[in-house]
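J.: here is the input, now give the coordinates:
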Amino acid sequence: MTTDTAEETPVERDPFLTATRMMAPNSCRSWTITEARDGRFLMSIADSSDGLDWGDDETSGPFDTWQAAVLSDPALTFLRSGQPSEFDIDEDESLLTAMLKCDRSDEFLSWPTGSAGRIGEYQIFFLEEGSGGEPIPFLATPGGEIDGEEIADYFADSYHPGGYTETSSLIEFAPGLAVFIADGDEDNRFTRNAVLIVLSESPASRASGVTEWLGYFGANAEFAAVLELAVLDPYHHLNDEQRKDWNDVLTHPYCRVHFMVDDATRLELVEMLVPSDIEEALEDPQGESGRALYVSLTEDDHYAERFL
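T.: The predicted model follows:
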């Protein structure tokens, strides 16, 4: 709604949020959200034919929150291909990203070529949640840097002739939602497609999502994860030199997997991924099963494939 805002004059400070969008050929629109003296927010809208000379502002509000101001005009949050939007916001970018929408049939807004615009330095992309699900927005740079918190990473550098290098990070870009992009050599089996992983909130569900991500990279990655998660010598049977030898053995020759998760999720990952006989062998590395595991890890090139 448009209201009398004479007593709601914005404070003298930079706008809280600005946005511009090409609505149609020779038609642009701008939005400016500014905090009023009483802590509420005002939104001004202006139109232009060339993006340079703008008409008079139409001001609406006040709104109790900046989010309410953003949602008051669907044209601000419903993005379309061919109509790029540019946002700058003095706030956590992920809060604005979560409000963005697009038509699920608009295939031109998907990674890596279909940016819907930008928020700050990041470009806006959408991924479909499941088959036929709602498009979910996320932010990434053109070079593949995703805006969010890294919760796991994977690296492989095959040493044999005709081998490959590949990397991937699992990034939680919104609570319970993560995305990864597998990257590698040009002839690698992976492309640079982005994949959505649903983590949810419980440790078991989060661990299941991380395991789903890990499954994209095959048995060697899963075995590298086992070596990362397995607890060596919890009862302190080994001396420092023996522990160093074991830690060297428990390093995959060309795969690395690291998890940056909370303790509860890590315990769930151990339950899901670490075979009980490996767990038992590492509890007493000087026992019979521990010594057998050590020999297998140091002498058998195909041990991971057989063991898992």
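J.: so what pLDDT did Met1 get?
T.: Note on Met1: pLDDT of 44.
J.: low-confidence regions, the stretch 51-200 of the chain specifically.
T.: In the predicted model, the stretch 51-200 of the chain carries pLDDT under 70 at residues 107-113, 130-132, 144, 158-164, 183-192.
J.: which stretches of it form helices?
T.: Taking DSSP state H, counting those that start in this stretch as the test, the helices found in the stretch 51-200 of the chain are 66-71, 74-77, 93-97.
J.: does anything pack onto the first one? Which helices or strands?
T.: In this case it means helix 66-71. With contacts defined as 3 or more C-beta pairs under 8 Å, 6 or more residues apart in numbering; DSSP states H and E, the packing partners of helix 66-71 are strand 17-24, strand 27-35, strand 41-48, strand 58-63, helix 74-77. In this view, the C-beta of every residue, glycine as well, is placed from N, C-alpha and C.
J.: show me what the third one is in contact with.
T.: Pointing back at strand 41-48 there. Under the criterion C-beta atoms under 8 Å, 6 or more residues apart in numbering, residues 5, 8, 10, 16, 27-36, 54-66, 68-70, 72-73 lie in contact with strand 41-48.
J.: filter those residues to the buried ones?
T.: In the contacts of strand 41-48, burial by neighbour count holds for 8, 10, 16, 28-36, 59-63, 66, 69-70, 72, counting by 16 or more other C-beta atoms under 10 Å.
J.: Pro25: how many residues sit nearby?
T.: A count of neighbours around Pro25, defined by other C-beta atoms under 10 Å, yields 7.
J.: show me what contacts it?
T.: Contacts of Pro25 (C-beta under 8 Å, 6+ apart): none.
J.: how much space separates it from Gly114?
T.: To Gly114, Pro25 is 20 Å away according to C-beta to C-beta, to the nearest Å.
J.: so can I have TSV of the helices and strands packed on helix 66-71 showing distance to Asp103?
T.: Converted to TSV, those look like this (distance: least, C-beta to C-beta, whole Å):
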stretch	distance to Asp103
strand 17-24	16
strand 27-35	19
strand 41-48	23
strand 58-63	26
helix 74-77	12
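J.: can you tell me which of the ones you listed is nearest to Val226?
T.: Across these, Val226 has its closest neighbour in helix 74-77 (43.9 Å, C-beta to C-beta).
J.: ok now the closest one, how far from the chain's centre?
T.: Centroid separation between helix 74-77 and its chain, computed with C-alpha atoms, centre = their mean, to the nearest Å, is 24 Å.
J.: so what pairs up with the residue nearest to the spatial centre of the chain in the strands?
T.: Nearest residue to the geometric centre of the chain (C-alpha atoms, centre = their mean): Ile171, 2.8 Å. The partner list for Ile171 in beta bridges (DSSP bridges) reads Glu150, Val179.
J.: thinking it is in contact with Leu177, fair?
T.: No: using C-beta atoms under 8 Å as the test, Ile171 is too far from Leu177 to be in contact (9.8 Å).
J.: what sits in contact with each of those two?
T.: Shared contacts of Ile171 and Leu177 (C-beta under 8 Å, 6+ apart): none.
J.: so the chain: which segments form each domain?
T.: As assigned by automatic domain parsing, the chain contains the domains 1-72, 149-307.
J.: can you show me the helices along the stretch 201-308 of the chain?
T.: Under DSSP H, counting those that start in this stretch, the stretch 201-308 of the chain gives helices at 203-214, 218-229, 240-249, 263-273, 276-283, 288-299, 303-307.
J.: CSV for these, including mean neighbour count, distance to Pro137 and mean pLDDT?
T.: CSV is the format used below for the helices of the stretch 201-308 of the chain (neighbours: other C-beta atoms under 10 Å; distance: least, C-beta to C-beta, whole Å; pLDDT from 0 to 100):
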stretch, mean neighbour count, distance to Pro137, mean pLDDT
helix 203-214, 20, 19, 94
helix 218-229, 20, 28, 88
helix 240-249, 13, 42, 89
helix 263-273, 17, 25, 95
helix 276-283, 16, 40, 90
helix 288-299, 15, 44, 86
helix 303-307, 14, 38, 48
